[in-house]
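**Q** sequence first, then the predicted structure, then my questions.
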Amino acid sequence: MHAKSVVNAPAKRKRLRTEIWKNREIYLLILPAVAWYIVMCYFPMGGLSLAFKSYKGKLGIWASPWTGMKNFTSVFASPTFSKAFWMTIWINVVEVVVCFPAPIVLALMLNELRMNRYKKTLQTIFTFPNFLSWIIVSSIIKNLLSVDGALNGFLATLGLEPVSILGEKKLFRPLIYISGIWKSAGWSSIIYLATISGIDQSQYEAAEIDGASRWQRLIFITLPSLLPTISIMFILEIGGMMSGHFDRIYNLQNDIVASEAETLALYIYRITFERKPDYGFSTAVSMFCSVINATLMIAANMVSKKLGGGGLIGDVNNGH
Amino acid sequence: MATKHVKKTHNQRFTVMDAILFLLLTVLAFTIVFPFYTSIIVSIMTEHDYLRNPFTLIPRNPDFSSYETLIKQGNIIRAYKNTLIHLALGMPLSMFLTCTLAYALSKRSFPGKKLLFVFIMITMVFGGGTVPAFLNIKELGLINSRWSVVLSNGIGTFYVILVMNYIQTLPSSLFDSARIDGANEFTILTRVVLPLSKPILATVSLFYLVDKWNEWYGSMLYLNKAALYPLQLELKQIISNAQILDDIVMTNSMYRSMPTFSMGIKMAAVVLTMLPIMCVFPFLQKYFVKGVTLGSVKG
């Protein structure tokens, strides 16, 4: 690959051919994985063409007739779509403001805790819920909060009135945010803690000699060192914005509160799998989400690189 | 890692701030543990005790009839079997695809390497979404086949990157000497690279295991026969059926004498579903953490 710039074309081509032949075993090795990506990732991406088609079951994705922008016109004209769109934006804004900082705060707290053994136990407890499915977690939450559940049993013991948290429209979105933090903040904090442990200790020692307080060390050394990690996590959060949080909302909702948090992901699911489907229409919504996700991710990546936070999508590293 | 012992020579006094931190973190840990605890307790309670007060720390008459009902009914056993089949088919497939791809990407250069890298990175940024994925499986004729779930969960691109980063940290001389000895790429991969990559392989296979254990969305879309449901989907079914059962019991006094205790059965199903993860997690947590620390070290 380190070809000199002034080499005549046939020689270059011959060199390439020998290079390819030399690496034939590598191509053989990656063949199954490449085939997997083509069938499982690129076929569905090609399937997005359905957004411009009218799906006929007999003809399949590829042979269905083209309809131009018709699906998109009806998507953008649909009031349910725009309601779901703004709901998605709103929920994600609150997610970023409320849920995103939670693991950072938790990591800083854990880092400041001086009891190392206890810290280990705490980490195990905090990271555990992340490894369970939302089906399990939502069942546990429902058990705790239902009208005849443990929380109300506790309130009754204290002689207080029972509260119906799961059936209260106003409380559904807060429940989504809090349960999200409950399940994932512990695990995400590990990523920040890993970064903190990589900080050069001499910085802290020097700051201590200079008389910096514990609080000042946290603000001026720990937090700035976390910025690259924060920006990567932020890019990931932003890049999944339009399709995110499906599991959580889908499993926590019930008929009473469902309308309070119908994001685009849930909207797509509902119109496709719970009704008589119009695959062209659903795919148009899917495509809308994918394009916005990708745009946001690339934009966030660029901004983060500009600000020196380090991007997520880097170049190919050198290897063996 | 945070658990690494950090030498702090000065200022080791236990201050008010330390006490507040300790308290706050302990309360947070309690809010995590308590919901699990009460779920387990409900699963071994009798309905009579539950109705008297669901907030019980130690059940008066521990009773395993909810588990008995559940296991006798048999669906959960079938679902366990289905999940195990998904794991048996999916784990070797995922690990094979991940290792071969990661090894190729860790090589210094070969024609098309950059293209390959872009090819897989695109899938992290852009995807077809639920509907095209569903139609794709449908057109492949995989609806109601276990392979739909196994194949659609084949490669986690992020895990490929983790393994690739790790292989890149191995010393080049090992590869060169193997090549001089005339070993082909497959031999180098299986005899040199994989044995040296055990830490990251342990971590990545754990991640795959948990992902596959918790898988339900693909199964819900692609499998319509209850006989094929994996554990998570069966649990979902039990939860919503129990809900219906609850409604019937609540609205119709005729059924009040029914022997089943729906909340108890639901929680027994929850416990059975999370039991394997709950049992091994405290011992394996450090491997999960390693995935983060090993993978994030670049070059």
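**A** Yes, it's here.

**Q** where does the stretch 51-200 of chain A get nearest to chain B, residue-wise?
**A** Here the residue of the stretch 51-200 of chain A nearest chain B is A:Gly153; by Cβ to the nearest Cβ that distance is 3.1 Å. Where you see a C-beta, it was placed from the backbone N, CA and C, and this is true even at glycine.

**Q** tell me the secondary structure for that residue?
**A** For A:Gly153, the secondary structure call by DSSP: H, G, I helix; E, B strand; the rest coil comes out as helix.

**Q** got the contact list for it?
**A** With contacts defined as Cβ atoms under 8 Å, 6 or more residues apart in numbering or on different chains, the neighbours of A:Gly153 are B:Asn53, B:Pro54, B:Phe55, B:Thr56.

**Q** quick check: closest non-adjacent residue to the first one.
**A** If you skip the residues right next to it in sequence, B:Asn53 has A:Gly153 as its closest partner in space, 4.9 Å away by Cβ to Cβ, 6 or more residues apart in numbering or on different chains.

**Q** how much space between the one you found and B:Gln168?
**A** 55 Å (Cβ to Cβ, to the nearest Å).

**Q** cool, and B:Leu209?
**A** To B:Gln168, B:Leu209 is 25 Å away according to Cβ to Cβ.

**Q** counting by contacts, list what the helix or strand containing A:Ser225 packs against.
**A** For A:Ser225, the element it lies in under DSSP states H and E is helix A:223-239. Contact partners of helix A:223-239 among helices and strands, from 3 or more Cβ pairs under 8 Å, 6 or more residues apart in numbering or on different chains; DSSP states H and E: helix A:102-112, helix A:169-197, helix A:279-306.

**Q** what's the first helix or strand after it?
**A** Sequence order places helix A:246-252 as the next helix or strand after helix A:223-239, per DSSP H and E.

**Q** hey, which helix or strand in chain A has the poorest pLDDT?
**A** helix A:60-63 (a mean of 82; mean pLDDT, DSSP states H and E).

**Q** and the helix or strand just after that helix, what other elements does it pack with?
**A** Sequence order places helix A:70-77 as the next helix or strand after helix A:60-63, per DSSP H and E. Helix A:70-77 makes packing contacts with helix A:279-306 when contacts are defined by 3+ Cβ pairs under 8 Å, 6+ apart.

**Q** so for the helix it packs on, what's the average pLDDT?
**A** The predicted model assigns helix A:279-306 a mean pLDDT of 90.

**Q** ok, for B:Tyr287, nearest residue in space, not its chain neighbours?
**A** B:Thr203 is the one closest to B:Tyr287 (Cβ to Cβ, 6+ apart), at 5.1 Å.

**Q** what's the following helix or strand after the helix or strand A:Leu28 falls within?
**A** Assigned by DSSP H and E, A:Leu28 belongs to helix A:24-37. Where DSSP H and E defines the elements, the next helix or strand beyond helix A:24-37 is helix A:43-47.

**Q** which of the residues in that following helix are buried?
**A** A:Phe43, A:Pro44, A:Met45, A:Gly47 (16 or more other Cβ atoms under 10 Å in any protein chain shown).

**Q** tell me what that helix is packed against?
**A** Helices and strands touching helix A:43-47, by 3+ Cβ pairs under 8 Å, 6+ apart, are helix B:130-139.

**Q** ranges for the strands of chain B?
**A** With DSSP state E, there are no strands along chain B.

**Q** name the residue closest to the centre of it, please.
**A** B:Val210 (2.0 Å; Cα atoms, centre = their mean).

**Q** look up how far chain A lies from that residue.
**A** 5 Å (Cβ to the nearest Cβ, to the nearest Å).

**Q** pLDDT weak spots in the stretch 1-150 of chain A?
**A** Residue ranges of the stretch 1-150 of chain A with pLDDT under 70: A:1-7.

**Q** again, only using 80
**A** A:1-9, A:57 (pLDDT under 80).

**Q** one more: the stretch 51-200 of chain B?
**A** Looking at the stretch 51-200 of chain B by pLDDT under 80, you get B:54, B:56.

**Q** 70 instead?
**A** Checking the stretch 51-200 of chain B against pLDDT under 70 turns up nothing.

**Q** next, count neighbours for residue 201.
**A** Assuming you mean chain A. Neighbour count for A:Gln201, taken as other Cβ atoms under 10 Å in any protein chain shown: 11.

**Q** my question was about chain B
**A** 20.

**Q** buried residues in the longest helix seen in chain B, which are they?
**A** Assignment by DSSP state H gives helix B:262-296 as the longest helix of chain B. Across helix B:262-296, burial judged by 16+ other Cβ under 10 Å covers B:262-274, B:277, B:281, B:284-285, B:287-295.

**Q** sorry, back to before: for chain A, see how far away the residue nearest to B:Tyr287 is.
**A** 13 Å.

**Q** got a list of what that residue touches?
**A** B:Leu162, B:Tyr287, B:Phe288, B:Lys290, B:Gly291, B:Leu294.

**Q** mind exporting the C-alpha coordinates of stretch A:281-296 to PDB?
**A** Written as PDB, here are the backbone C-alpha positions of stretch A:281-296 (Å, rounded to 0.1, in the frame of the first residue of the first chain):
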ATOM      1  CA  PHE A 281     -45.800   4.200   4.900                       C
ATOM      2  CA  SER A 282     -44.000   2.500   7.900                       C
ATOM      3  CA  THR A 283     -40.800   2.300   5.900                       C
ATOM      4  CA  ALA A 284     -41.000   6.000   5.100                       C
ATOM      5  CA  VAL A 285     -41.200   6.700   8.800                       C
ATOM      6  CA  SER A 286     -38.300   4.300   9.400                       C
ATOM      7  CA  MET A 287     -36.200   6.000   6.800                       C
ATOM      8  CA  PHE A 288     -37.000   9.400   8.300                       C
ATOM      9  CA  CYS A 289     -35.700   8.100  11.600                       C
ATOM     10  CA  SER A 290     -32.500   6.500  10.200                       C
ATOM     11  CA  VAL A 291     -31.600   9.600   8.200                       C
ATOM     12  CA  ILE A 292     -32.000  11.900  11.200                       C
ATOM     13  CA  ASN A 293     -30.100   9.500  13.400                       C
ATOM     14  CA  ALA A 294     -27.200   9.400  11.000                       C
ATOM     15  CA  THR A 295     -27.200  13.100  10.400                       C
ATOM     16  CA  LEU A 296     -27.200  13.900  14.100                       C
END
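
**Q** could you pull out the buried residues of that stretch?
**A** By neighbour count on 16+ other Cβ under 10 Å, the buried set for stretch A:281-296 is A:281-290, A:292-294, A:296.

**Q** how about stretch B:170-179?
**A** B:Leu170, B:Phe175, B:Ala178.

**Q** would you confirm that the second one contacts B:Ile188?
**A** Yes. Between B:Phe175 and B:Ile188 a contact is recorded at 6.2 Å, counting by Cβ atoms under 8 Å.

**Q** let me know the pLDDT of A:Leu312.
**A** Note for A:Leu312: predicted pLDDT of 59.

**Q** who's in contact with stretch A:284-292?
**A** So stretch A:284-292 is contacted by A:48, A:51, A:71-72, A:74-75, A:81, A:241-243, A:264-265, A:267-268, A:271, B:126-132 (Cβ under 8 Å, 6+ apart).

**Q** can you select the buried ones from those residues in PyMOL?
**A** To isolate the buried members of the contacts of stretch A:284-292 in PyMOL, using 16+ other Cβ under 10 Å:
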select buried, (chain A and resi 48+51+71+72+75+81+241+242+243+264+265+267+268+271) or (chain B and resi 126+127+128+129+130+131+132)
